[in-house]
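Novice: Fold the following for me, if possible:
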Amino acid sequence: MELTGFILAATACLFASIPTIVFLRNLPHFHPAPSFEDSKSTFEEKKQLQVSVLIPARNEETSIGPAVESVLANQAVELEVIVLDDHSEDRTADVVQELAAKDNRVRLEEAPALPEGWCGKQHACWQLAHLATFDNLAFLDADVRLAPDALARSVALMEAKEVDLLSGFPRQITGTFFEKLLIPLIHFILLGFLSLQRMRSNPQPVFAAGCGQFFLTNKNAYWQAEGHKAIRLSLHDGLKLPRSYRRAGLKTDLFNATDLATCRMYRTAGEVWSGLGKNATEGVANSTLILPVTIILFLGQLLPFLLIPFGLAGGLCWAGWLMTGIDLCIVYLPRFWAAVAFRQSWLGAILHPLGILCFLMIQWVAWIRSLLGVSAHWKGRPYPAT
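Specialist: Predicted coordinates:
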């Protein structure tokens, strides 16, 4: 029994090491944008920086005002803010109209009827691109808040890297228990399972990734890639838009926007579950990935904790206990590091195994629902199972 326990502990150590090693190797390559002074001087040598900030909004009455105000506070840029009201059933349009009356940089536009075969957000973003005046396009979710130097710094980074699509990962604000438990896993999955060096050196679409909350591009590249039209059925633009750019022969990259933007994605347990589940089949919850990912996460992130009661029942010798202690250190290292580096919840980090368990439950439920042909719902709209 003790030999079995040691073998299990050694197995857990092997699988726990995979995301931890990848995470640590990624940290030096998960760059923030250049400083504001460097960005400002860069653009002062050229023409005035111009950016069209494009915000799709459906039932965002409580979020849209602060989002627009944070954009308007940006410095060293000439900007316009276009909000597309996508048939909201609340006061979203009224809030934007009030802001537009005070600042002529704000425009409210109404979305046409959603055509068959389109996801609401992708259709709204496609319409917004056609309405933009400037060549630089910043697609922003309504729950994102930008720092005053965000646009200057992020566009400077896009130009410095000479990329066609740049995605920033904002600091994720979490309030409720399930937000703290699950939302920080975004950084753990990204940095623990995608080599950023490989992403940048290999142009294949499979290595592309991004965050749909904050995208930057230019018009020429957007039209060449067919922008959001190329992913019109997708609910996961963070993953699918960078891949579509790469299929068009364009370059994509991502960066650490912790100090440039914040986002509170969801506010209730139901929103967390529905929000993460709606696009799960376009990520992990598909027939190709769900089983291997479950095995890797179970053996590496859950098994070390299950070995504790196993050991208390006499299943571990001293070497097994030592190995289990090493396992736990390996598991917690990236979570505790991320809690500091990305200002994440310490509660979520401590309860990491519970978060992984809930994450896997969401993936399996989403996969089963897709097999049964059950539609996903978001913002009051049903979307066919994929």
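Novice: Do a quick rundown of the strands in the stretch 251-386 of the chain.
Specialist: 252-263, 376-378, 381-383 (DSSP state E, counting those that start in this stretch).
Novice: how about the ones you listed, which one is nearest residue 280?
Specialist: Comparing the strands of the stretch 251-386 of the chain by their distance to residue 280 (Cβ to Cβ), the top pick is strand 376-378, with 8.8 Å. All C-beta spots, glycine's among them, are computed from the backbone N, C-alpha and C.
Novice: Give me the average confidence score over that closest one.
Specialist: In this model, strand 376-378 has a mean pLDDT of 71.
Novice: any low-confidence regions in the stretch 251-386 of the chain?
Specialist: Low-confidence segments of the stretch 251-386 of the chain (pLDDT under 70): 378, 380, 383-386.
Novice: go again using 80 as the cut-off
Specialist: Applying pLDDT under 80 to the stretch 251-386 of the chain flags residues 375-386.
Novice: cool, the stretch 51-200 of the chain as well?
Specialist: For the stretch 51-200 of the chain, no range has pLDDT under 80.
Novice: the helices in it, which residues?
Specialist: Taking DSSP state H, counting those that start in this stretch as the test, the helices found in the stretch 51-200 of the chain are 64-72, 92-102, 120-131, 150-161, 177-182, 185-193, 196-201.
Novice: In CSV, list the ones you listed along with distance to residue 169 and mean neighbour count.
Specialist: Listed next are the helices of the stretch 51-200 of the chain as CSV, based on distance: least, Cβ to Cβ, whole Å; neighbours: other Cβ atoms under 10 Å:
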stretch, distance to residue 169, mean neighbour count
helix 64-72, 17, 20
helix 92-102, 26, 17
helix 120-131, 18, 20
helix 150-161, 11, 23
helix 177-182, 16, 21
helix 185-193, 7, 21
helix 196-201, 12, 15
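Novice: which stretch among those comes nearest residue 350?
Specialist: It's helix 177-182; of the helices of the stretch 51-200 of the chain, that one is closest to residue 350 (Cβ to Cβ) at 9.8 Å.
Novice: Give the other helices and strands that the closest one contacts.
Specialist: helix 269-278, helix 346-350, helix 352-371 (3 or more Cβ pairs under 8 Å, 6 or more residues apart in numbering; DSSP states H and E).
Novice: buried set for the first one?
Specialist: By neighbour count, with 16 or more other Cβ atoms under 10 Å as the criterion, the buried positions of helix 269-278 are 272, 273, 275, 276, 277, 278.
Novice: residues contacting the first one?
Specialist: With contact set as Cβ atoms under 8 Å, 6 or more residues apart in numbering, residue 272 has these partners: 176, 178, 179, 182, 183, 265, 266.
Novice: Give me the pLDDT value at residue 21.
Specialist: The model's pLDDT for residue 21 equals 97.
Novice: and it, that one's in a strand?
Specialist: No. Counting by DSSP: H, G, I helix; E, B strand; the rest coil, one finds residue 21 to be helix, located in no strand.
Novice: and the gap between it and residue 193?
Specialist: 11 Å (Cβ to Cβ, to the nearest Å).
Novice: so what's in contact with the two at the same time?
Specialist: Residues touching both residue 21 and residue 193 (Cβ under 8 Å, 6+ apart): none.
Novice: hang on, the earlier thing: output the helices and strands packed on helix 177-182 in JSON lines, with distance to residue 254 appended to each entry.
Specialist: As requested, the helices and strands packed on helix 177-182 are arranged in JSON lines below (distance: least, Cβ to Cβ, whole Å):
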{"stretch": "helix 269-278", "distance to residue 254": "19"}
{"stretch": "helix 346-350", "distance to residue 254": "22"}
{"stretch": "helix 352-371", "distance to residue 254": "21"}
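Novice: Quick one, which of these gets closest to residue 256.
Specialist: Of the helices and strands packed on helix 177-182, nearest to residue 256 by Cβ to Cβ is helix 346-350, at 17.9 Å.
Novice: And the closest one, how far out from the chain middle?
Specialist: Here helix 346-350 is found 19 Å from its chain centre; the criterion is Cα atoms, centre = their mean, to the nearest Å.
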